[in-house]
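Q: would you be able to build a 3D model of this:
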Amino acid sequence: MEWNPETLQFLSQCFLNTLSPLHDPRRRAEEALAEAATRPNYGLAVLRLVAEPSVDEQIRQSAAVNFKNHLKAHWAVQPNDPAQIGVPDAEKEQIKALIVTLMVNASPKIQAQLSEALTIIGKHDFPKAWPTLLPELVVTLDKLSQANDYVSVNGVLATINSLFKKFRYQFKTNELLLDLKYCLDNFAKPLLEVFKRTAGFIDQAVGSGSANPSVLKGYIESQRLCCRIFYSLNFMELPEFFEDHMDEWMIEFKKYLTVKYSALEDSGSDGLALVDELRAAVCENISLYMEKEEETFQKYLSGFVEAVWGLLVVASNSSSRERLTVTAIKFLTTVSTSVHHTLFARDDILQQICQSVVIPNVMLRDEDEELFEMNYVEFIRRDMEGSDLDTRRRIACELLKGIASNYKEKVTEKVSSQVQSLLASFAENPAANWKHKDCAIYLVVSLATKKAGGSSVSTDLVDVESFFGSVIVPELRSQDVDGFPMLKAGALKFFTMFRNQISKPVALALLPDVVRFLGSESNVVHSYAASCIEKLFLVKDEGGRARYSATDVSPFLLVLMTNLFNALQKPESEENQYVMKCIMRVLGVANVSHEVALPCINGLATVLNRVCENPKNPVFNHYLFESVALLIRRACEQDPSIISAFETSLLPSLQLILSRDVSEFFPYAFQLLAQLVDLNRSPLPGNYMEIFAILLMLNHGKSLQNVSSPCPFAPSLPQKGTTRTKSAGARLQYNRTVKFIKSLVIFMSLFLVKHGPEKLVGSMNAVQPDVFHTILEQFWVPNLKLITGSMELKLTSVASTRLICESVSPLDPKLWGKMLDSIVTLISRPEEDRLEEEPEVPDFGETVGYNATYVRLYNAGRKEKTPLPVKSMIQTIFGSIFGKSICSFPGTSTPGSLPRKS
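A: Here you go, the predicted structure:
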């Protein structure tokens, strides 16, 4: 694409039309740009348009976004995508030569897009394929800072910060260390120079008493970016340059923690947030030095502890300063676990930490209540699943744990006193001070220690049984399941956490109350109730025996299952994984009678039909299918008379999955079908034949890897053999895959072992005369040696041997020899080569996603029953071959042919 007035006009009009509110002009413009993007020099032309001052600012902004996205898609060609069109090398060099200057001179919005585009290039080319970039940025940065142009300075620093982030996250390799050395050699000194120059500008502005807030914002943002670059360059190890100039850095760092910048901090929340971001960056830097260079950092430590402490006491009272609070507490936590822990040894300091830092940060705030009500999934993820390490509540407790590692008795005494004080405050006015009780419960739960090698936890803060009886039980006994929901959630969480310490009689007496909470309108409350019940049924006593049995569950089983399924109908809980996991756990413990099983299977089928429309939550779906498999196994094996009712509910759902090509559920559907077939006796109902026809006719080549073989359907085939063989023949002719052929060989082998060679050959040849010979020659013999899996290997070896020894139709000597060679090759392979190469089964209960090639249902697991006699496989094979086939029989001289039995 040549750069000329016509190109300028074409691109300008296209980018203008992409902003049109009308669909047709916008679509035509997008299509034209997509076609133009395949031409050489398109990216360069768009970049020149961005730099053209005569073009409208909105058009140039749109072009800048397009340029960034173009580079993201085409700068680096993916080796596994031959259709991708990459940016030519000559065009790349021209873009590199222009982009830094254009970025510096652009308006702020365009500058931000070009900075991201430069980062995309740098990710692939810097520093080896773009050695001129950093020197050019250094020269540009020096000129801009001396000219006091901090809008552009921050654009350059933001780009460098993005380029250097890789030193924080990538594994340490020799190549990465070489890149780090290059960056240190070229930028460590310029970074300090711009940092000190900017510090001087800040001091001058603050000292004058009339600092311009907008100018000061630029300076503060510049220092924040310098701190982030400092963090990247120091992350792996302390560089010599930074060690030599540590005083210069640390003096400024401490200043930003202690000085108040009133022009910004008093101008509104945005100004205060910007200063706090700088302070948080400083806290991260000093935490890094405390962790990695404690001895070098020691002389600055006490001053920083004092500065951070003073800042923290003020920031803890403001909900808008969470990031600063978290990073400051992390620094103090790091110090508390170091050799300098004596800084926290005094009683008055511990008291101040509890009162001024821990309690204010653990106490619920408005944003916590909002998250509880508006986004229950995120609230639970943070609160119950332990992913809230970077929140105020959790990090404040981590500080106490850090101090307790050296002063356990002192911390226990102080926190216990605070807990009692909070409970006393609640008792004075429960309606107004309910958050105090929640804070007390949270402290006890968060500071509990988990015993090694198990799920049991303990605490020295309170006597668990006493605390449970006086504090938790009243909340669980409350008849109003929707009153003070956050307090109810805390009580349920405590019950869940200390379930091992709660005696069985006490827990069973409270279980009906927990079941009531499944009816709460709060998503968090009924999720916590479900989790509490599910975890309770996992408790084991000494010796590994389950504490709770079917007898314990039976009195309230019907109400429990009703409430669980009702919870799945509440808004936003239609795919609540905690509720579904509880259903699965209850079905595994309870004695599932006919009266319970039928409503459950109908309820599960209804849920299954709903999620088939749009599978979203893989964890929920996994527990859903586990529940179905578990219910089939326990109910149908106990009472075979209900199998038909289960089939009536489930088979339409499974047929829906296959006919609508819901590929995410194929692994589950195959396993459930196999499970249902195993429970039946031949002949199978006709609806199984319909499903099997879908299996053969649809293009499941990729999805069939999710099931070991179609063997579960073999018992149904004698009476439906011709129909099934026609389907298999069509699949072999038009849509065969290696996986399908191997599965077909396994299936035919099982059929042969069960019904004999004559039945198999007759069924195949009934479709087309002598088609079995073709299948044998073109598919069976060549693919036999590819079979893997212990059971499959035995099955196909024995079946092939019987075929060449017992067939009523003689095999020609050449084919007979090839079959024998394949059998010998198959059984003589090393043991490791015979194993089925299945992907690793995901951990049960984790997010397994939909990209897994195999997702095992643990409750649908089949006991492998060999269809072969107990006799040794080798004995069977060679006994047949050498005892019959090679011997001469009266009336025949052809190997592989036996006389007909009279």
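
Q: just the element for residue 117, please.
A: helix 108-125 (DSSP states H and E).

Q: who are the packing partners of the following helix or strand past that helix?
A: Next helix or strand after helix 108-125 toward the C-terminus (DSSP H and E): helix 133-146. For helix 133-146, the packing partners by 3 or more C-beta pairs under 8 Å, 6 or more residues apart in numbering; DSSP states H and E come out as helix 89-105, helix 150-164, helix 174-208. To be clear about C-beta, it is placed using only N, CA and C from the backbone, and glycine gets the same treatment.

Q: give me whichever of those is most buried.
A: helix 150-164 (a mean of 23; mean count of other C-beta atoms under 10 Å).

Q: tell me what that one is packed against?
A: helix 89-105, helix 108-125, helix 133-146, helix 174-208, helix 213-234.

Q: to residue 740, which of those lies closest?
A: With C-beta to C-beta as the measure, helix 108-125 is the member of the helices and strands packed on helix 150-164 nearest residue 740 (40.9 Å).

Q: specify the angle between the closest one and helix 89-105 in degrees.
A: Here the directions of helix 108-125 and helix 89-105 differ by 140 degrees (axes from the mean of the first three to the mean of the last three C-alpha atoms, to 10 degrees).

Q: using CSV, write out every CA atom in helix 108-125.
A: Output of helix 108-125 as CSV, limited to C-alpha atoms (Å, rounded to 0.1, in the frame of the first residue of the first chain):
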residue,chain,number,x,y,z
PRO,A,108,-2.3,11.8,25.3
LYS,A,109,-5.0,9.5,24.0
ILE,A,110,-3.1,8.6,20.8
GLN,A,111,0.1,8.4,22.8
ALA,A,112,-1.4,5.7,25.0
GLN,A,113,-2.3,3.6,22.0
LEU,A,114,1.1,4.1,20.4
SER,A,115,2.8,3.2,23.7
GLU,A,116,0.9,-0.1,23.7
ALA,A,117,1.8,-0.7,20.1
LEU,A,118,5.5,-0.1,20.9
THR,A,119,5.2,-2.5,23.8
ILE,A,120,3.8,-5.2,21.4
ILE,A,121,6.8,-4.8,19.1
GLY,A,122,9.2,-4.8,22.1
LYS,A,123,7.7,-8.0,23.4
HIS,A,124,8.9,-9.8,20.3
ASP,A,125,12.0,-7.8,19.2
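
Q: centre of the chain to that helix, how far?
A: 29 Å (C-alpha atoms, centre = their mean, to the nearest Å).

Q: buried residues, it. List them.
A: Within helix 108-125, the residues that count as buried by 16 or more other C-beta atoms under 10 Å are 110-122, 125.

Q: could you give the angle of it to helix 133-146?
A: 150 degrees.

Q: quick one on the thing from earlier: can you list the helices and strands packed on helix 133-146 in a markdown table and add distance to residue 265 and mean pLDDT?
A: Listed next are these as a markdown table, based on distance: least, C-beta to C-beta, whole Å; pLDDT from 0 to 100:
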| stretch | distance to residue 265 | mean pLDDT |
| --- | --- | --- |
| helix 89-105 | 30 | 95 |
| helix 150-164 | 19 | 95 |
| helix 174-208 | 12 | 95 |
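
Q: show me the shaky parts of this structure.
A: For the chain, the stretches with pLDDT under 70 are 385-389, 452-455, 682, 696-737, 807-811, 830-855, 861-902.

Q: distance check, residue 207 against residue 197.
A: From residue 207 across to residue 197, the span is 16 Å (C-beta to C-beta, to the nearest Å).

Q: what do you get for residue 76?
A: Distance from residue 76 to residue 197, by C-beta to C-beta: 36 Å.

Q: which stretches of the stretch 351-500 of the chain form helices?
A: 359-362, 366-374, 376-383, 392-404, 408-428, 434-446, 464-467, 473-477, 485-497 (DSSP state H, counting those that start in this stretch).

Q: I'd like those as TSV, with distance to residue 533 and mean neighbour count appended.
A: Output for those, formatted as TSV (distance: least, C-beta to C-beta, whole Å; neighbours: other C-beta atoms under 10 Å):
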stretch	distance to residue 533	mean neighbour count
helix 359-362	27	22
helix 366-374	21	14
helix 376-383	15	19
helix 392-404	25	22
helix 408-428	27	17
helix 434-446	18	23
helix 464-467	20	16
helix 473-477	12	17
helix 485-497	9	24
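
Q: about what we covered before: so for residue 609, which of the helices and strands packed on helix 133-146 sits nearest?
A: helix 150-164 (47.3 Å).

Q: what's in contact with that closest one?
A: Here helix 150-164 makes contact (C-beta atoms under 8 Å, 6 or more residues apart in numbering) with 103-105, 108, 111-112, 115-116, 118-119, 122-123, 126, 134, 137, 140-141, 144-145, 183, 187, 194, 198, 215, 218-219, 221-222, 225-226, 228-229, 232-233.

Q: tell me what whatever helix or strand comes next after it is packed against?
A: Counting by DSSP H and E, the element after helix 150-164 in chain order, helix or strand, is helix 166-169. Applying 3+ C-beta pairs under 8 Å, 6+ apart, one finds that helix 166-169 contacts helix 174-208, helix 213-234.

Q: for residue 437, which of the ones you listed is the nearest?
A: Proximity to residue 437 (C-beta to C-beta) singles out helix 213-234 among those, at 39.7 Å.

Q: name the helices or strands packed onto that closest one?
A: Counting by 3+ C-beta pairs under 8 Å, 6+ apart, helix 213-234 packs on helix 150-164, helix 166-169, helix 174-208, helix 240-244, helix 246-258, helix 262-265, helix 269-292.

Q: tell me the angle it makes with helix 133-146.
A: Going by the same axes, to 10 degrees, helix 213-234 makes 150 degrees with helix 133-146.

Q: residues of helix 213-234 that come out buried?
A: So helix 213-234, judged by 16+ other C-beta under 10 Å, has buried residues 213, 216-234.

Q: quick one: work out the angle between that helix and helix 174-208.
A: Going by the same axes, to 10 degrees, helix 213-234 makes 150 degrees with helix 174-208.

Q: so how far does stretch 81-98 reach from one end to the other?
A: Stretch 81-98 has an end-to-end distance of 29 Å (C-alpha to C-alpha, to the nearest Å).

Q: what's that stretch in contact with?
A: 37-38, 40-41, 43-44, 47-48, 51, 71, 73-78, 121, 125, 130, 132-133.

Q: contact partners for residue 539?
A: 499-500, 546-548.

Q: next, format the residues you listed as TSV and append neighbour count.
A: TSV is the format used below for the contacts of residue 539 (neighbours: other C-beta atoms under 10 Å):
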residue	neighbour count
499	19
500	19
546	13
547	17
548	20
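
Q: next, the buried residues of stretch 756-763.
A: 757, 760-763.

Q: ok, stretch 350-366 next?
A: 350, 353-354, 356-365.

Q: now those residues in TSV, with distance to residue 587?
A: Formatted as TSV, the buried residues of stretch 350-366 follow (distance: C-beta to C-beta, whole Å):
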residue	distance to residue 587
350	49
353	48
354	46
356	50
357	46
358	42
359	43
360	45
361	41
362	38
363	40
364	36
365	40
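
Q: out of the helices of the stretch 351-500 of the chain, which is closest to residue 167?
A: The nearest among the helices of the stretch 351-500 of the chain, by C-beta to C-beta, is helix 392-404 at 25.1 Å.

Q: number of residues surrounding residue 549?
A: 13 (other C-beta atoms under 10 Å).

Q: restricted to helices, list the contacts of stretch 81-98.
A: Using DSSP state H, the members of the contacts of stretch 81-98 that fall in helices are 43-44, 47-48, 71, 73-74, 121, 125, 133.

Q: ok, these vs residue 679, which is closest?
A: Among the ones in helices among the contacts of stretch 81-98, and counting by C-beta to C-beta, the member closest to residue 679 is residue 73, at 52.1 Å.

Q: the closest one and residue 792: what is the separation?
A: Distance from residue 73 to residue 792, by C-beta to C-beta: 44 Å.

Q: the two: who's more crowded?
A: Legend: neighbour count by other C-beta under 10 Å for residue 73 and residue 792, higher for residue 792 (21 against 15).

Q: give me the element the more buried one is part of.
A: Short version: residue 792 belongs to helix 790-806, going by DSSP H and E.

Q: so how far is stretch 638-656 off the chain centroid?
A: 33 Å.
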